[in-house]
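Participant: sequence? don't have it. structure:
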């Protein structure tokens, strides 16, 4: 049985997949300690055949399902206790794989953190910056690179949350927040990235709304108060402030201020119930 499973989700990466696999094999330990899994996500350019010719174990999708679906298939097929996920487009340096894997002694997930200038044009960098700030608030800790596809992890914690991972490009944020909110040890390791070959399949504004909904859904599963409490406070402050203003100006309390205060109480109580449901989930899991 291999000790490490290297997983590469791939869609129409035939021009580069062979060279990427060659670079991985150049740093792979001698023997059968590593296995390389390429998940061909319904490619129509011969990506799967090129990966097979390069000696990788290929898992094929009959049609394109999305990056997250490819990652889930790779996790299900993995046999190593430790895994490393990286993109098949040649951006990531396989020479850094062992550095990420070595840190798994103390951590369950190590995410390759790109520098501020890496990862595309200014719109994409700005979008990633917004994503990191939002994820940091929702998770309660500083997130350096929530969208990085280069990460090493222990298989068991990653596989535990497979049902939560979306089929699209929001898998990195989902897995990161899931493990953090579940109490696993997560950290970041600086990495370098190269310019990808071909055109990126991610559109920052198109996928931004999807990211927001995924992030809110995940935090509502693990820490609902991060959403409900600010909303409740905003409603209460608005209602109380408006009530004080109407008392001073018109010497009475309006129905609007009462409705806002009652709404804040209702949202607060729903948040309490949601928090208890989230705790019960972990008790059942244990």
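Facilitator: Cool, the structure landed. Model, not experiment: these values are computed from the prediction.
Participant: name the helices or strands packed onto the longest helix anywhere in the chain?
Facilitator: Taking DSSP state H as the assignment, the helix of the chain that covers the most residues is helix 255-285. Secondary-structure packing of helix 255-285 (3 or more CB pairs under 8 Å, 6 or more residues apart in numbering; DSSP states H and E): helix 204-222, helix 225-250. (C-beta placed from N, C-alpha, C; glycine too.)
Participant: and residue 79, that's in a strand?
Facilitator: No: using DSSP: H, G, I helix; E, B strand; the rest coil, the assignment for residue 79 is coil, not a strand.
Participant: just list the residues touching it, thanks.
Facilitator: Listed by CB atoms under 8 Å, 6 or more residues apart in numbering, the contact set of residue 79 reads 1-2, 5, 35.
Participant: right, and residue 54 touches residue 14 too?
Facilitator: No: at 10.8 Å, residue 54 does not count as touching residue 14 under the criterion of CB atoms under 8 Å.
Participant: pretty sure residue 235 contacts residue 261?
Facilitator: Yes: in this structure residue 235 lies within contact range of residue 261 using CB under 8 Å: 7.4 Å.
Participant: neighbour-wise, which of the contacts of residue 79 leads?
Facilitator: residue 5 (22 neighbours; other CB atoms under 10 Å).
Participant: check whether that one sits in a helix, strand or coil.
Facilitator: Secondary structure of residue 5, reduced to three states by three-state DSSP: strand.
Participant: for residue 56, see how far away it is.
Facilitator: Distance, residue 5 to residue 56, using CB to CB, to the nearest Å: 11 Å.
Participant: which neighbours do those two have in common?
Facilitator: In terms of CB under 8 Å, 6+ apart, residue 5 and residue 56 are both contacted by the residues residue 37.
Participant: whatever helix or strand residue 84 lives in: how far from the chain's middle?
Facilitator: Here residue 84, judged by DSSP states H and E, is contained in strand 82-85. Here the centre of mass of C-alpha atoms in strand 82-85, compared against the chain's by CA atoms, centre = their mean, to the nearest Å, lies 15 Å away.
Participant: and that strand, what's its mean pLDDT?
Facilitator: Per-residue pLDDT values over strand 82-85 give a mean of 97.
Participant: how about residues contacting the following helix or strand past that strand?
Facilitator: For strand 82-85, the succeeding helix or strand toward the C-terminus, using DSSP H and E, is helix 97-102. Counting by CB under 8 Å, 6+ apart, helix 97-102 makes contact with 4, 6, 24, 27, 82, 84, 86, 110, 112, 150-152, 189, 191, all of which sit outside it.
Participant: and the longest helix of the chain, what's buried?
Facilitator: Of the residues in helix 255-285, those scored as buried under the neighbour-count criterion (16 or more other CB atoms under 10 Å) are 257, 260-261, 263-264, 267-268, 271, 274-275, 278.
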